[in-house]
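Return atomic coordinates for the entry below.
(chains A and B)
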There are 2 protein chains.
Amino acid sequence: MNDLIAKLRAALGAANVLTEGDLTAYEQDWRKRTRGKALAVLRPGNTGEVAAAVKLCAEAGTPIVPQGGNTGLVVGGVPDESGREVVLSLTRMNRVRAVDGGNLTMTVEAGCVLQNLQQAAEDAGYLFPLSLAAEGSCTIGGNLGTNAGGTQVLRYGNTRELCLGLEVVTAQGEVWNGLTGLRKDNTGYDLRDLFIGSEGTLGIITAATMKLYPLPVASLTAWAAVPSMEAAVTLLGLAHKHLGAGLTGFEVMGQFALSLVDRHMPQLRVPLYQDTPYCVLLENSDQESEPHARAAFERLLEAALEDGCATDAVVAENIAQARGLWHIRESIPLAQAQEGLNIKHDISVPVSRIPAFCAETDALLASSIPGVRLVNFGHLGDGNLHYNVQAPVGGDPQAFLRELEERVNVLVYDQVKKFDGSISAEHGVGALKVDKLPDYKSPVALSLMKSLKKALDPQNILNPGRVVSV
Amino acid sequence: MNDLIAKLRAALGAANVLTEGDLTAYEQDWRKRTRGKALAVLRPGNTGEVAAAVKLCAEAGTPIVPQGGNTGLVVGGVPDESGREVVLSLTRMNRVRAVDGGNLTMTVEAGCVLQNLQQAAEDAGYLFPLSLAAEGSCTIGGNLGTNAGGTQVLRYGNTRELCLGLEVVTAQGEVWNGLTGLRKDNTGYDLRDLFIGSEGTLGIITAATMKLYPLPVASLTAWAAVPSMEAAVTLLGLAHKHLGAGLTGFEVMGQFALSLVDRHMPQLRVPLYQDTPYCVLLENSDQESEPHARAAFERLLEAALEDGCATDAVVAENIAQARGLWHIRESIPLAQAQEGLNIKHDISVPVSRIPAFCAETDALLASSIPGVRLVNFGHLGDGNLHYNVQAPVGGDPQAFLRELEERVNVLVYDQVKKFDGSISAEHGVGALKVDKLPDYKSPVALSLMKSLKKALDPQNILNPGRVVSV
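Modelled structure (predicted):
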């Protein structure tokens, strides 16, 4: 191993091969669920150095854990406890290589922080629409590796749909330059989408060409009280019809989730939630003007009130009010943490089946665990719920987690399976859910995944044991 | 072989295993470039029968050529001349299995004709936006297998972007049911997009869940004269900015291409083309109203005239006029055929580089082949040109094709490579371009493709020799 470390130091520079000091930032996962031990942390500065590092590790049979901003939620980007794995951090590769306005693309390195990408796009007069809670720390390489979702998927798709081309270092240390800015290219298999979402297990993404969009002229936010989850889905259909591609956000929040925000952050002043089981947050982005956006929103909300799928609604008067409404939505996880320990889910089912899924699963949980409290919220427009489960009032939350987490997970995931859904809508598999997949994914799909892993990484050195076990 | 045929007859019914009579429709490609000979034509009626047929063929080591409407342009869906390959036609599997309006999806079988899908969607009050010249004959399975493009890619993406889930029979005759209607699912590798565009070489698509969109309230078409290809790209940028997601079509047509329509179809009355090198056709789809769409179009065209990137423009007054404009665009290939033999290309380069690509390549061709005539037209919004080359006036077109096709292809493809483009933007590879790929695609990408092919089809029985040679 000392030999490998010496060669890596020669290739990357001694300062970029860390083996001593506090490596917590690289070794501990974001949610602090696990703390691993790295053989070394590698910080290559360019694609050639990534390739050189992979070749050296491959020769030595040393496993590599690629890492971006280390904000992943499924323990996919930190080393295990063996001390055998190196972390390969892409954070030094953080340049915006090019912005091509005429092609509506930008080419960026994997370690570029998402917020910096958004800013670079905006500085050039364009929108890069990927947006999620960790955007100040997460990197585009990590977003691509995990096919991150976020709040604008409804209109712009997941990270996958925002990417036109990749540069990837393979498990053999070869560089594939697929940084095309092409919107159409049918010269063979879709390598790009195979690497996207593979969580660093098939190759290491070092750069990407991403789509840009015209900046909207106006963005408005509305908040509506809805009498049921069925009504929320009806309102979504109306919003699609009225706003078309203008509909850029559609979030649902359960009453109990909002009551936690109200309790722990009273200054946020949650509107309209006290007499209704759910509230919905809508965003409308317009290419024309703010009055035009407002008129369209008002027509939609009038139709919704008339239909009965909304019982009350407000449209933010200005940007500060709009940010305030989004802030309430984004504060739910923190409010939930302040309330105490809880069991988190990141599930999806077809939008049309969400009401039945919730009705059935809510009832099952209530009868199975008396007093259980549901913190149900999420991206309803994508069929994606963070269907979280909070301990009953007064109980011991540690004991709740210890004794019930597995039972609650099985109950919820079995329901997800029954409704043809996914047990990981946007967070990925990592090490956290890899053992769950055999119970919830088709054996044919798993067998295909194993074949692909063996074909592209026969030595099993890229993020081994994450996503798929071979 | 007689044993195989007997087993196939037992599995599919004798009437669905054709070995005699006129099999031209299955054996000859759409453009009549080649005529193969099938061992048999199989017409399974459901997914189980496809799986049974694949298992029997795999046991016998008999290659299978999956086929939909047989409208492909790159000789990817017809048997070779060996008489050893079976054609597996999906056309009997043509049901719309479900339309789920609340989820904005429809689930259809592979053999469903594209036009029937469009109609089923419209009957349910939704838009299925994939649209291309062969839509009356091509099937959605073929569209998926080749990742078909068409005229609405600018807004809705290629077939890949319209698909949420697949049902696939693997090379081992297993059925993967991935017919999820989920917009978010990060539980492993992206098998869906690997099968899409693989032209039947990795698996046989038997059904798919496709996205639906709200029907636009109004669709308007405009036609503009532009003074150069640079101006056309500037107009495209303006159109993105003014219309946002309303911009659903942006086609460019060179003066010579339009002059052929005028010559051979004088009744079509081509507008504005005589004093300008290029015309552009724009489509604007609106969720609000026709007056709103018209006002937005007028603002855009005024801005373009003021900028100088358009010199004249008309907006169709009614649906008949709009259809007339589209009909002119779609008549270019036929007019070109009436003018005589020609060399066709289906290329893409980044939109921003199209003007330089055309200027340079036009000049190279003109100096290399005196009198050569360029029929340049295509989906400029996607960077996709059908950059076709017509023989000089008065020469022998047969001799032109025989003597110059290879030279012209190499000249154009070398230019495409120089501009980081693709030699097959939307038609695929098939048998026609498989030998060209090593010259124009990265060796790393080709090597990855071969690894994937060997992993999923180790016997090499699915459409062997197409897309990738192993």
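
only C-alpha atoms for contact and neighbour calcs from this point on.
Will do.

tell me the domain ranges of chain A?
A:2-89, A:96-214, A:218-333 (automatic domain parsing).

Send me stretch A:94-113 as CSV with only the CA atoms.
What follows is the C-alpha trace of stretch A:94-113 in CSV, where atoms were taken according to Å, rounded to 0.1, in the frame of the first residue of the first chain:
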residue,chain,number,x,y,z
ASN,A,94,-14.5,23.0,-10.4
ARG,A,95,-14.1,25.1,-13.5
VAL,A,96,-16.9,26.2,-15.8
ARG,A,97,-15.1,25.3,-19.1
ALA,A,98,-17.5,27.1,-21.5
VAL,A,99,-20.9,28.7,-21.8
ASP,A,100,-22.3,28.5,-25.3
GLY,A,101,-25.4,30.7,-25.5
GLY,A,102,-26.1,29.9,-29.1
ASN,A,103,-26.3,26.2,-28.3
LEU,A,104,-28.0,26.8,-24.9
THR,A,105,-25.3,24.7,-23.2
MET,A,106,-22.6,25.0,-20.6
THR,A,107,-19.6,22.6,-20.1
VAL,A,108,-18.5,22.3,-16.5
GLU,A,109,-16.2,20.1,-14.4
ALA,A,110,-17.6,17.6,-12.0
GLY,A,111,-16.5,19.4,-8.9
CYS,A,112,-18.3,22.6,-9.7
VAL,A,113,-20.8,23.5,-6.9
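
and it, how far out from the chain's middle?
Taking Cα atoms, centre = their mean, to the nearest Å, one finds stretch A:94-113 lying 20 Å from the centre of the chain it belongs to.

For it, report the contacting residues that lie outside it.
A:68-69, A:90-93, A:117, A:120-121, A:124, A:126, A:135-142, A:179, A:181, A:205-213, B:233-234, B:237, B:350-352 (Cα atoms under 8 Å, 6 or more residues apart in numbering or on different chains).

just checking, which of those belong to helices?
Under the assignment DSSP state H, these contribute A:117, A:120, A:121, A:140, A:141, A:142, B:233, B:234, B:237 to helices.

which bits of the stretch 351-470 of chain A sit near chain B?
Within the stretch 351-470 of chain A, the positions adjacent to chain B are A:351-352, A:382-384, A:420-429, A:437, A:442, A:444-445, A:448-449, A:451-452, A:455-456, A:467-468 by Cα under 8 Å from any Cα of the partner chain.

Inside strands: which ones of those?
Among those, the members falling in strands (DSSP state E) are residue A:384.

Weed out the non-buried ones from the residues of the stretch 351-470 of chain A next to chain B.
Burial by neighbour count, judged by 16 or more other Cα atoms under 10 Å in any protein chain shown, picks out A:351-352, A:382-384, A:420-429, A:437, A:444-445, A:448-449, A:451-452, A:455-456, A:467-468 from those.

Now for chain A, the helix or strand with the poorest mean pLDDT.
Between all helices and strands in chain A, the lowest mean by mean pLDDT, DSSP states H and E belongs to strand A:342-343, at a mean of 91.

Check which helices and strands it sits against.
Strand A:342-343 sits against strand A:384-390, helix A:397-418, with contacts defined as 3 or more Cα pairs under 8 Å, 6 or more residues apart in numbering or on different chains; DSSP states H and E.

Could you rerun that using 6 Å?
Here strand A:342-343 is seen to pack against strand A:384-390 when contacts are counted using 3 or more Cα pairs under 6 Å, 6 or more residues apart in numbering or on different chains; DSSP states H and E.

Now do the strand it packs on: distance to the chain's middle.
Taking mean C-alpha positions (Cα atoms, centre = their mean), strand A:384-390 and its chain are 15 Å apart.

pLDDT on it, on average?
For strand A:384-390, mean pLDDT rounds to 96.

what ranges of chain A fall below the confidence cut-off?
Residues of chain A that meet the criterion pLDDT under 70 lie in A:1.

can you tell me which helix or strand residue A:251 belongs to?
According to DSSP states H and E, residue A:251 maps onto strand A:247-254.

so the residue nearest the centre of chain A, which of the three states?
Nearest to the geometric centre of chain A sits residue A:148, at 3.5 Å (Cα atoms, centre = their mean). For residue A:148, the secondary structure call by DSSP: H, G, I helix; E, B strand; the rest coil comes out as coil.

circling back to that earlier point, show me which positions of the following helix or strand past the strand holding residue A:251 end up buried.
Toward the C-terminus, strand A:247-254 is succeeded by helix A:255-264 as the next helix or strand (DSSP H and E). Neighbour-count burial for helix A:255-264, counted by 16+ other Cα under 10 Å, picks out A:255, A:256, A:257, A:258, A:259, A:260, A:261, A:262, A:264.
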